[in-house]
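Colleague: Just the structure for this:
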Amino acid sequence: TNCWCLFATHFHELTKLSESLSSVCNMHVDAITSDGALTLLYKVKPGVCDRSFGIHVAELAEFPAEVVEMAKEKAAELEDFGSGKDGKADDNPEKKAKMSEEHEQKLLAFLKKTSEVDMTKNADEIFQKVTAIKNELFPNI
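Modeller: Have a look, this model is predicted:
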């Protein structure tokens, strides 16, 4: 079917694509946390996940402690930026809307360019082409 499956956590611009593209739907894996432990329930449910488990997964994968700590700091920084709690965020709604629109346009360009990749090629060639597209559109990621 040449289907693409893309996993992301709390990538709001990506989850909004389902509103404008009929071929995009949001699904998430059900999970629970208790006492800092993550339990994946192996149930795929429709809709956007209401929280991020990336740091939990990094801990389960035994990422180095300093990497996990940096991720926790970055997550807190991003949460503060979104809420304007730390005073660093620009609470200008027009500026936030413009940034969101720019990100959405880049994501749409990424989806368009990757949809043109020849899926009959071998996995290494496909990976190289998609990586080149990612580096072109998102050089700092």
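
Colleague: After the worst-scoring helix or strand of the chain on mean pLDDT, which helix or strand is next?
Modeller: None of the helices or strands of the chain scores lower by mean pLDDT, DSSP states H and E than helix 93-115, at a mean of 74. Once the chain leaves helix 93-115, the next helix or strand it forms, by DSSP states H and E, is helix 123-137.

Colleague: tell me the mean pLDDT over that next one?
Modeller: For helix 123-137, mean pLDDT is 89.

Colleague: Residues contacting it, please?
Modeller: Helix 123-137 has contacts (CB atoms under 8 Å, 6 or more residues apart in numbering) with 106, 109-110, 113-114, 117-119, 121, 141. (Each C-beta comes from the backbone N, C-alpha and C, glycine too.)

Colleague: got it, and stretch 30-42?
Modeller: 29, 43-45, 53, 56-57, 60.

Colleague: repeat that with 6 Å
Modeller: 29, 43, 45, 53, 56 (CB atoms under 6 Å, 6 or more residues apart in numbering).

Colleague: Give me the sheet partners of the host helix or strand of residue 33 and which way each runs.
Modeller: If you go by DSSP H and E, residue 33 is part of strand 27-34. Strand 27-34 has the following sheet partners, assigned by DSSP bridges: strand 37-46 (antiparallel).

Colleague: Going by neighbour count, which residues in the strand it pairs with are buried?
Modeller: For strand 37-46, the neighbour count (16 or more other CB atoms under 10 Å) marks no residue as buried.

Colleague: Averaged pLDDT, that strand. What do you get?
Modeller: For strand 37-46, the mean per-residue pLDDT is 86.

Colleague: Next SSE downstream of it?
Modeller: Next along the chain after strand 37-46, taking DSSP H and E as the criterion, comes helix 54-60.

Colleague: Can you mark which positions in stretch 45-57 are buried?
Modeller: For stretch 45-57, by 16+ other CB under 10 Å, it's 48-49, 53, 55-56.

Colleague: Sort out which one of those lies nearest residue 19 for me.
Modeller: Proximity of the buried residues of stretch 45-57 to residue 19 (CB to CB) peaks at residue 48, which lies at 11.3 Å.
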